[in-house]
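# generate a structure from the sequence data that follows.
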Amino acid sequence: MDVPLISFLILFVTIFLIGEISFKYLRLNSEITRRSTHLLSGLVAFMMPYHLTLGQAVALGILFTLVLAFSEVFKLLPSVTRVNRSSLGSILFPLGLVTSGLLFWDSNLTAFKLSVLVLAISDSVAGFVGYKYGKRKLFFVTSEGSLAFLLTTFSIFCFFGFNYGEISISSLVTFVVFSLVLTFAEAATTKGWDNLLLPVIAGFFASLLF
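From the prediction side, this is the model:
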């Protein structure tokens, strides 16, 4: 029995169960449970390289992509599938992580980890802020959510910059530019496709820097 693999599987299942309980019994809005599941799943995925092989991580990602696709079709797991708009986001989230893993895990692990945090944290924070405080429209999202996404993404780049000693005026300017591009990509995509696009772009930018 592969203990780390089983442990991560249990962690992901637990996150989904918490989301379902929160939605059905605590009556939390599906936007909240969806974003919370998104955030927690991404943070767990961030820890995968320390315990799993790429093949194991990809297998888990594909498994949950299939489970979520099945859930979308048959209206299961309402805590993540019940939204007021047409969206493939729940399916594309694990697929985005799998794509980033295939592109960056072996060649530049830092790029993979940064891409996971952008998808997990920046996108979730933008969703929470947009849902709670969003008033002004910007493309397909709110300007308030986009500002939260921009600031969070810039902070993530700075965190990695400090960690790798890559902090200077020029690097900070680069972080701002890359964060703006990612913010535009998040705001301009619809139906959850940002979940596939963001980790690929973020990982590519990180591979240029670290």
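
# quick check: the gap between residue 83 and residue 131.
11 Å (CB to CB, to the nearest Å). No exception for glycine: its C-beta is placed from N, CA and C like everyone else's.

# and for those two, which residues touch both?
residue 31 (CB atoms under 8 Å, 6 or more residues apart in numbering).

# quick one, helices of this protein?
According to DSSP state H, the chain carries its helices in the segments 3-24, 30-47, 54-74, 78-81, 89-104, 109-117, 123-133, 143-163, 169-188, 194-209.

# and those as JSON lines, adding mean pLDDT?
Shown next, in JSON lines, are those (pLDDT from 0 to 100):
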{"stretch": "helix 3-24", "mean pLDDT": "96"}
{"stretch": "helix 30-47", "mean pLDDT": "95"}
{"stretch": "helix 54-74", "mean pLDDT": "95"}
{"stretch": "helix 78-81", "mean pLDDT": "90"}
{"stretch": "helix 89-104", "mean pLDDT": "95"}
{"stretch": "helix 109-117", "mean pLDDT": "98"}
{"stretch": "helix 123-133", "mean pLDDT": "92"}
{"stretch": "helix 143-163", "mean pLDDT": "96"}
{"stretch": "helix 169-188", "mean pLDDT": "96"}
{"stretch": "helix 194-209", "mean pLDDT": "97"}
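
# in CSV, list those helices along with mean neighbour count.
Formatted as CSV, these follow (neighbours: other CB atoms under 10 Å):
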stretch, mean neighbour count
helix 3-24, 15
helix 30-47, 21
helix 54-74, 16
helix 78-81, 22
helix 89-104, 23
helix 109-117, 24
helix 123-133, 20
helix 143-163, 19
helix 169-188, 17
helix 194-209, 22
